[in-house]
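Trainee: My questions are about this predicted structure, shown below with the sequence.
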Amino acid sequence: MTADLRLGLNLGYWQRDPFDATALVQAAERLGYDSVWTAEAYGSDAFTPLAWYGARTSRIRLGTSVVQLSARTPAATAMTAMTLDHLTGGRLLLGIGASGPQVVEGWYGVPFPRPLARTREYVEIMRKVWRRDEPVTHDGEHYPLPYPGGAGLGKPLKLITRPLRPDIPVYLGAEGPRNVALAAEIADGWLPLFTLPERIGEMYGPPLAGAAPGFDIAAMVMTLLTDDVRGALDTVKAMLTLYIGGMGAKGRNFHSDIVARMGYGEAAERIQALYLAGRRQEAFAAVPDELADGISLVGPAGRIRERLAAWRASPVTSLLVMGPRDEDSLRTIRDLVLG
């Protein structure tokens, strides 16, 4: 149970139209939000907007939710993280994730198999880079250092710059139980995308059992402050339609899998089948209202206040709200969560 939730603002990644959220981020900082987070898929990257916002703020922590492993080598991510952490006075929270085979193989042109093993090696190398104990070597299958081929001239190197923090916090974006268990074992926090607060303990209790004290479960939550509950639920349902139906292939969709583990297996199968058949409006209609309502916080302030009780009773330690786009909404949500 978490009586005192931390509050963050999750901006996600740019959609079709770029959005400079500087004013929103500055408002969140003034209002006492703990963190702001950016993401990437196959459009805007996560680090550049975060550097932009970091240069225009002084206190709010800066998180990536998430940067994709296949977009950069472990050393490149470690260098970027170290640089941004220095420039922002030690405010970076580095969230990483494996993404899925469609993006990894279709966009980055690298193989997807064995994401857990790749994630483990990735984090090991980054931490070696930041510690600067010695020149970095790694004999893993996925990221061997030095590279055992090519010109044959590779040599172990040590980061030139001394990191501001040799222990930059690492979060994992994870959905499957084994990936969540890996986060509990090797990371400082977990970034769940879809969360039913009433069931998260039941679903992930064993995988989270090995987490160290202070492990942060930072749940991303669509939060829409409005009197139009029906319209807000439809917004959440539209997002779920895309993720369950279109973010992955038939038989390999991690978002559909997690919805099934929540108890909506039949609905998930139907949504995906309809979506892949091009019947997207029917797929939207097949998303259960109770699922959309369960993973989100939508409606007028009183309704959101009632729903927050379930989040406070869950293992979640941080709420990363997605959706607010004005200072008044940020203030009301702040008052509801931090009270």
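Mentor: Right, received. Where do you want to start?
Trainee: list the helices and strands whichever strand or helix holds residue 310 packs on?
Mentor: Counting by DSSP states H and E, the element that carries residue 310 is helix 301-312. Helix 301-312 sits against strand 216-225, strand 297-299, helix 327-338, with contacts defined as 3 or more Cβ pairs under 8 Å, 6 or more residues apart in numbering; DSSP states H and E. The C-beta positions use only the backbone N, C-alpha and C, and glycine is treated the same way.
Trainee: Helix 327-338 and that helix, what's the angle between them?
Mentor: 40 degrees (axes from the mean of the first three to the mean of the last three Cα atoms, to 10 degrees).
Trainee: and helix 301-312, average pLDDT?
Mentor: Mean pLDDT, computed over helix 301-312, is 97.
Trainee: And for stretch 98-108?
Mentor: Mean pLDDT, computed over stretch 98-108, is 92.
Trainee: thinking again about what came up before, other residues contacting the helix holding residue 310?
Mentor: Contact with helix 301-312 is made by 1-3, 5, 197-198, 219, 221, 223, 225, 229, 297-299, 319, 332-333, 336-337, as judged by Cβ atoms under 8 Å, 6 or more residues apart in numbering.
Trainee: Return the set of buried residues in that helix.
Mentor: Neighbour counts over helix 301-312 (16 or more other Cβ atoms under 10 Å) mark 303-304, 307-308, 310-311 as buried.
Trainee: between the residues you listed, which is nearest residue 210?
Mentor: Checking those against residue 210 by Cβ to Cβ gives residue 311 as the nearest, at 23.2 Å.
Trainee: circling back: just tell me which of the helices and strands packed on helix 301-312 ends up closest to residue 283.
Mentor: strand 216-225 (18.2 Å).
Trainee: which secondary structure elements does whatever helix or strand comes next after that closest one contact?
Mentor: Next in sequence after strand 216-225, counting helices and strands by DSSP H and E, comes helix 229-246. With contacts taken as 3+ Cβ pairs under 8 Å, 6+ apart, helix 229-246 sits against strand 216-225, helix 254-259, helix 265-276, helix 280-285, helix 289-294, strand 297-299.
Trainee: Of all those, which one comes closest to residue 52?
Mentor: strand 216-225 (20.9 Å).
Trainee: Quick one: list the elements packing against that closest one.
Mentor: strand 6-10, strand 189-191, helix 200-208, helix 229-246, strand 297-299, helix 301-312, strand 318-322, helix 327-338.
Trainee: Which one, of those, ends up nearest to residue 176?
Mentor: Of these, nearest to residue 176 by Cβ to Cβ is helix 200-208, at 8.9 Å.
Trainee: Which of the residues in stretch 259-269 are classified as buried?
Mentor: Residues 259-264, 267-269 are the ones in stretch 259-269 that count as buried (16+ other Cβ under 10 Å).
Trainee: count of residues packed around the closest residue to residue 186 other than its chain neighbours?
Mentor: The shortest distance from residue 186 to any non-neighbouring residue, by Cβ to Cβ, 6 or more residues apart in numbering, is to residue 123 (5.3 Å). Using other Cβ atoms under 10 Å, residue 123 is surrounded by 23 other residues.
Trainee: Repeat that for the one 5 residues further on.
Mentor: The number of residues packed around residue 128, counting by other Cβ under 10 Å, is 21.
Trainee: OK, contacts around it?
Mentor: Residues near residue 128 by Cβ under 8 Å, 6+ apart: 136, 138.
Trainee: Let's verify it: helix, strand, or coil?
Mentor: Applying DSSP: H, G, I helix; E, B strand; the rest coil to residue 128 yields a three-state assignment of helix.
Trainee: From residue 147, how far out is it?
Mentor: Relative to residue 147, residue 128 is positioned 16 Å away (Cβ to Cβ, to the nearest Å).
Trainee: What of residue 216?
Mentor: Taking Cβ to Cβ, one finds residue 216 at 34 Å from residue 147.
Trainee: Show me which of those two is the more surrounded one.
Mentor: Neighbours per residue, other Cβ under 10 Å: of residue 216 and residue 147, the larger number sits with residue 216, 18 against 11.
Trainee: The more buried one against residue 189, yeah?
Mentor: Yes: Residue 216 lies in contact with residue 189 (Cβ atoms under 8 Å); the separation is 3.5 Å.
Trainee: which residues do these two both contact?
Mentor: Counting by Cβ under 8 Å, 6+ apart, the residues touching both residue 216 and residue 189 are 169, 171, 318.
Trainee: what about the first one, how many residues close to it?
Mentor: Read it as residue 169. 18.
Trainee: ok, the nearest residue to it once chain neighbours are set aside - contacts?
Mentor: Distance criterion Cβ to Cβ, 6+ apart; nearest residue to residue 169, sequence neighbours excluded, is residue 188 at 4.2 Å. For residue 188, the contacting residues are 169-171, 214-216, by Cβ under 8 Å, 6+ apart.
Trainee: From residue 322, how far out is residue 188?
Mentor: Plainly put, residue 188 is 21 Å away from residue 322 if you go by Cβ to Cβ.
Trainee: ditto for residue 106
Mentor: 25 Å.
Trainee: the more surrounded of the two?
Mentor: More crowded of residue 106 and residue 322, by other Cβ under 10 Å: residue 322, with 22 against 11.
Trainee: quick revisit: want to throw the helices and strands packed on helix 301-312 into JSON lines with distance to residue 164?
Mentor: Shown next, in JSON lines, are the helices and strands packed on helix 301-312 (distance: least, Cβ to Cβ, whole Å):
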{"stretch": "strand 216-225", "distance to residue 164": "20"}
{"stretch": "strand 297-299", "distance to residue 164": "35"}
{"stretch": "helix 327-338", "distance to residue 164": "28"}
